[in-house]
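Participant: Predicted model follows, preceded by the sequence.
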Amino acid sequence: MRRAERAAALLAFAVGAGAAVWALWPTDVPDDLELPPLGQADVASAAHIREAERFETFLRWDYVLAEVVVLLVLALYAWRGHRLARESAAGRIGTGMLLGMLGLGILWITQIPFGLAEIWWARRYDAAEVGYLEWLLGYWLGLAGQFGFICLALAIVMGFAQVLRDRWWVAGAPAFIALYVVFAWSLPWLIPDDRPVDDPALAAAAQRYAREQGTDPIPVRIEDVSAYTDSPNAFAAGMDASRKIFIWDTLLDGRFTDDEVHVVLAHEIAHHSREHIWKSVGWYALFAVPGTFLIALATRRRGTLREAQAVPVALFVFVALNLAAQPILNVVGRRMEAEADWVALETTDDPTAARGLFEQFTVVALADPSPPRWSTLLFDTHPTMLDRVRMAEAWRERSEGRSHP
Ligand SMILES: [Zn+2]
């Protein structure tokens, strides 16, 4: 019986997942688009490429080493951590939360050297303004947030497991998907130090672009970050009534032309008009279902998440699955970013500004225009700057073809 049930559940998930991918995968980027054969020498000077490569290589290896340490520490904790459960009198769920926080706390300490190394390196390149103590304080405050998250997650999972035993994931996965939606919806209110846009031309462009992309107007906010960093950035957050666009003041300090900033604006509006945040919910759901199932499977030998002693194993499997899913999520992320770039080109009709923006990014943000493939696979949530320039040129070729038949 149990076997037939399992086969039916697997089939239902496979059909659902197939339908979801079929709905989530297509973008506005033409399938037959061919990117012109440009090289990195076409987008940046040799000196800038060298500097960006040096800058990013260190950060990449710092990150890889940090992740290796994360996995080793959590594997060790999964192996030995359950022994600590016996000494607590906090009840099953309370003890589970304590073990979860202890695991995160140990992890937090082991990551400090890698974080400090990153700050040290970024300060050498003037890419960070933050001091070491200030960074440590912010990092410490971040731990408080992580403690809150893990306690909430464990309360949900272990609460369900008290009733459903090793089938807690059937209720747990939808609960996490709902939490993801709540978080994505409320994110615009969690952004500190933001203010309304004060440039009337930019505000007018935002209205115009939203209309051209077939969506309602979206408020634009400026986030003041120049006290901490020189890096330019912008992002879209919220969904439906909470939609907003945030532009860092570092993008508006004169290093980028107005036309280049307008390309960024059109790109961020495209994330909303093409429903990328709702699509991210869909992708998250696709991973949450098998992910929670695998955690349930892995914790069975420790009495499933009904028992506190299963928490260290659950933590390890959760983090390992997240790392394993990252390359796939990066592919999805790069597709959505490419679509936002394409829609921005269609909206602004300005491939020259788009190209200028991406080229300026390689200089200002020290972005390696064409990083090694393994690095793109593991880390890159955006197309490389070289590919973004190539897309702008491909758009130009097509539009010239359209206007001179
Ligand atoms: Zn984007």
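Facilitator: Noted; the coordinates are in hand.

Participant: Now do the helices in the protein.
Facilitator: All helices of the chain, identified by DSSP state H, fall at 2-24, 46-80, 91-124, 132-164, 168-190, 200-212, 258-273, 276-298, 311-348, 351-364, 373-379, 385-403.

Participant: looking at those, which is buried most?
Facilitator: The highest average neighbour count among these, using mean count of other Cβ atoms under 10 Å, belongs to helix 258-273 at a mean of 24. (Glycine included, C-beta is placed from N, CA and C.)

Participant: elements contacting it?
Facilitator: Counting contacts by 3 or more Cβ pairs under 8 Å, 6 or more residues apart in numbering; DSSP states H and E, helix 258-273 packs against helix 200-212, strand 234-237, strand 244-248, helix 311-348, helix 351-364.

Participant: how about the helices of the chain in TSV, adding distance to residue 246 and mean pLDDT?
Facilitator: Output for these, formatted as TSV (distance: least, Cβ to Cβ, whole Å; pLDDT from 0 to 100):
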stretch	distance to residue 246	mean pLDDT
helix 2-24	24	87
helix 46-80	24	92
helix 91-124	21	92
helix 132-164	19	89
helix 168-190	8	92
helix 200-212	12	94
helix 258-273	8	96
helix 276-298	13	93
helix 311-348	15	95
helix 351-364	17	91
helix 373-379	22	90
helix 385-403	20	89
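
Participant: Need those in TSV (columns: distance to residue 252).
Facilitator: Output for the helices of the chain, formatted as TSV (distance: least, Cβ to Cβ, whole Å):
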stretch	distance to residue 252
helix 2-24	33
helix 46-80	22
helix 91-124	21
helix 132-164	24
helix 168-190	19
helix 200-212	8
helix 258-273	7
helix 276-298	23
helix 311-348	17
helix 351-364	13
helix 373-379	27
helix 385-403	20
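
Participant: Roughly how far does residue 319 sit from the ion?
Facilitator: Relative to the ion, residue 319 is positioned 26 Å away (Cβ to the ion, to the nearest Å).

Participant: do the same with residue 113
Facilitator: 31 Å.

Participant: what do you get for residue 110?
Facilitator: 32 Å.

Participant: and the nearest residue to residue 235 once chain neighbours are set aside, how many neighbours?
Facilitator: Nearest residue to residue 235 in three dimensions, chain neighbours excluded: residue 246, at 5.5 Å (Cβ to Cβ, 6 or more residues apart in numbering). Residues near residue 246, counting by other Cβ atoms under 10 Å, number 21.

Participant: Excluding residues flanking it in the chain, which one is nearest residue 86?
Facilitator: In this structure, residue 86 finds its nearest non-sequential neighbour in residue 309, 7.9 Å apart by Cβ to Cβ, 6+ apart.

Participant: I'd say the one you found and residue 299 touch.
Facilitator: No: with contact defined as Cβ atoms under 8 Å, residue 309 does not reach residue 299; the gap is 9.2 Å.

Participant: thinking again about what came up before, rebuild the helices and strands packed on helix 258-273 as a markdown table, extending it with distance to residue 384.
Facilitator: Shown next, in a markdown table, are the helices and strands packed on helix 258-273 (distance: least, Cβ to Cβ, whole Å):
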| stretch | distance to residue 384 |
| --- | --- |
| helix 200-212 | 25 |
| strand 234-237 | 19 |
| strand 244-248 | 21 |
| helix 311-348 | 9 |
| helix 351-364 | 9 |
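
Participant: Quick one, which of the ones you listed gets closest to residue 52.
Facilitator: The minimum distance between residue 52 and the helices and strands packed on helix 258-273 falls on helix 351-364, with 6.0 Å, by Cβ to Cβ.

Participant: what about that closest one, distance to the chain center?
Facilitator: When C-alpha coordinates are averaged (Cα atoms, centre = their mean, to the nearest Å), helix 351-364 and its chain have centres 22 Å apart.

Participant: tell me what that helix is packed against?
Facilitator: helix 46-80, helix 258-273, helix 311-348, helix 385-403.
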